[in-house]
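Student: structure, please.
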Amino acid sequence: MSIITSSKNAPVRLTASSGTLLLGGLLALASCSQSSENRAGEAAQNQSTTEASQPGQNGAAAGSGKGTDSQFEAELSRMDPALAQAIRQGATMEEIAALRDPVATTPEQALEALKSGNARFFSGQAKRPGLSANERRAQILAQSPFAVVLGCSDSRVPIELVYDQGLGDMFVIRIAGNAVDLGTAGSVEYGVKHLKSHIVVVMGHEGCGAVKAAMLPAADKQQEPANVRYLLNLVSPSLTNMPNIRDPKAKKREAVVANVLYQKEQLKKNPVVAEAIRTGKIIVVGAYYDISSGAVDFYEDGAAKSTASIN
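Tutor: You can find the predicted model right below:
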């Protein structure tokens, strides 16, 4: 079904698919793109009936049209030029969604996109989140994240922001200690098999409380609630062969990295993930986020490669 809404500039088409009206960006455009001349005319027509009881309101109504048009154009100016032009010409939501270039189409491009995004983040040049309302509404149609990230639930680690990515770019799974269990593994499988993501990242971070708790004596861990003990038991196997490190800060980092690498190997054993690796559809990497600096070190083959080195 198509609804044609006429305006001074161009018709705006609203479409319905499978019985569901695809609301969003174009619906807003239908009202926003109505000319200020039309709105002024409507205000003048209504003036005779409202002026006596509501003096001054008509002038505000006429002025609001110009303000809305200005806001509409300001929003378009922040978009990709091709996308903005398509909206002005009355593109459907499907057409708007199709215009968006993918962030990455190969595993190598996906890793580079994460490295570049993190470099922007820690250097104070982040640019992504802040998508326009129309781009956000176009997400109604489908998702196609280029990356799957298994990260920690820690509130200091906002994963999309750390990699300077926007809505729909990343399929993020969060659990304390970035641990692999049936639920998180199933979510990763979904991202790999159905969303066709190109990279899987297991991401730990500086000062991880779950890893710290997993290092406690067994008697102390036994005092925790059952569900917390369950999480700690997912992390503890990664710490069994920890080297003897005297420096407390270095020891904590080594423990987090050991857990990242352990959980990464657990995922690589997953049949769905393993098949995607074998066929070259994805790569699986580890990552360590340094809260202090904002930089991420990537562990592609066991060795750390810092984002900071690409600047």
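Student: can you give me the helices in the stretch 51-200 of the chain?
Tutor: 57-77, 81-88, 93-99, 107-122, 133-138, 159-162, 182-193 (DSSP state H, counting those that start in this stretch).
Student: for Ala276, find the nearest of those helices.
Tutor: helix 182-193 (5.0 Å; CB to CB). Using the backbone N, CA and C atoms, a C-beta is placed for each residue, glycine as well.
Student: check which residues of the closest one are buried.
Tutor: 184-185, 187-189, 191-192 (16 or more other CB atoms under 10 Å).
Student: run the chain-centre distance for it.
Tutor: 17 Å (CA atoms, centre = their mean, to the nearest Å).
Student: ok, now stretch 141-154?
Tutor: With CA atoms, centre = their mean, you get 6 Å for stretch 141-154.
Student: only alpha carbons, please: show that stretch as PDB.
Tutor: Coordinates of each C-alpha in stretch 141-154 appear next as PDB, following Å, rounded to 0.1, in the frame of the first residue of the first chain:
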ATOM      1  CA  LEU A 141      13.100  -2.500   8.500                       C
ATOM      2  CA  ALA A 142      16.000  -4.700   9.500                       C
ATOM      3  CA  GLN A 143      19.400  -4.900  11.200                       C
ATOM      4  CA  SER A 144      22.700  -5.700   9.700                       C
ATOM      5  CA  PRO A 145      25.500  -5.200  12.300                       C
ATOM      6  CA  PHE A 146      29.000  -5.700  11.000                       C
ATOM      7  CA  ALA A 147      30.300  -6.800  14.400                       C
ATOM      8  CA  VAL A 148      29.300  -9.100  17.200                       C
ATOM      9  CA  VAL A 149      30.800  -8.100  20.600                       C
ATOM     10  CA  LEU A 150      30.600 -10.200  23.700                       C
ATOM     11  CA  GLY A 151      31.400  -7.700  26.400                       C
ATOM     12  CA  CYS A 152      31.100  -7.100  30.100                       C
ATOM     13  CA  SER A 153      28.100  -5.500  31.800                       C
ATOM     14  CA  ASP A 154      30.200  -2.900  33.500                       C
END
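Student: what does stretch 217-234 rub up against?
Tutor: 175-177, 179-181, 210, 213-214 (CB atoms under 8 Å, 6 or more residues apart in numbering).
Student: only C-alpha atoms, please: export it in PDB.
Tutor: C-alpha atoms of stretch 217-234 as PDB (Å, rounded to 0.1, in the frame of the first residue of the first chain):
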ATOM      1  CA  PRO A 217      39.500 -17.700  47.700                       C
ATOM      2  CA  ALA A 218      36.800 -20.400  47.300                       C
ATOM      3  CA  ALA A 219      35.400 -19.700  50.800                       C
ATOM      4  CA  ASP A 220      34.800 -16.000  49.900                       C
ATOM      5  CA  LYS A 221      33.100 -16.900  46.600                       C
ATOM      6  CA  GLN A 222      30.900 -19.300  48.400                       C
ATOM      7  CA  GLN A 223      29.300 -16.300  50.200                       C
ATOM      8  CA  GLU A 224      28.000 -14.900  47.000                       C
ATOM      9  CA  PRO A 225      24.400 -15.600  45.800                       C
ATOM     10  CA  ALA A 226      24.000 -18.700  43.600                       C
ATOM     11  CA  ASN A 227      23.600 -16.800  40.300                       C
ATOM     12  CA  VAL A 228      26.800 -14.800  41.000                       C
ATOM     13  CA  ARG A 229      28.600 -18.000  41.800                       C
ATOM     14  CA  TYR A 230      27.500 -19.300  38.500                       C
ATOM     15  CA  LEU A 231      29.000 -16.400  36.700                       C
ATOM     16  CA  LEU A 232      32.300 -16.600  38.600                       C
ATOM     17  CA  ASN A 233      32.500 -20.300  37.800                       C
ATOM     18  CA  LEU A 234      32.400 -19.400  34.100                       C
END
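Student: how close does Ala133 sit to Ala255?
Tutor: Distance, Ala133 to Ala255, by CB to CB, to the nearest Å: 43 Å.
Student: the more surrounded of the two?
Tutor: Counted by other CB atoms under 10 Å, Ala133 and Ala255 do not tie: Ala255 has more neighbours, with 21 against 13.
Student: doesn't Asn241 make contact with the more buried one?
Tutor: No - counting by CB atoms under 8 Å, Ala255 sits too far from Asn241 to count as a contact (11.2 Å).
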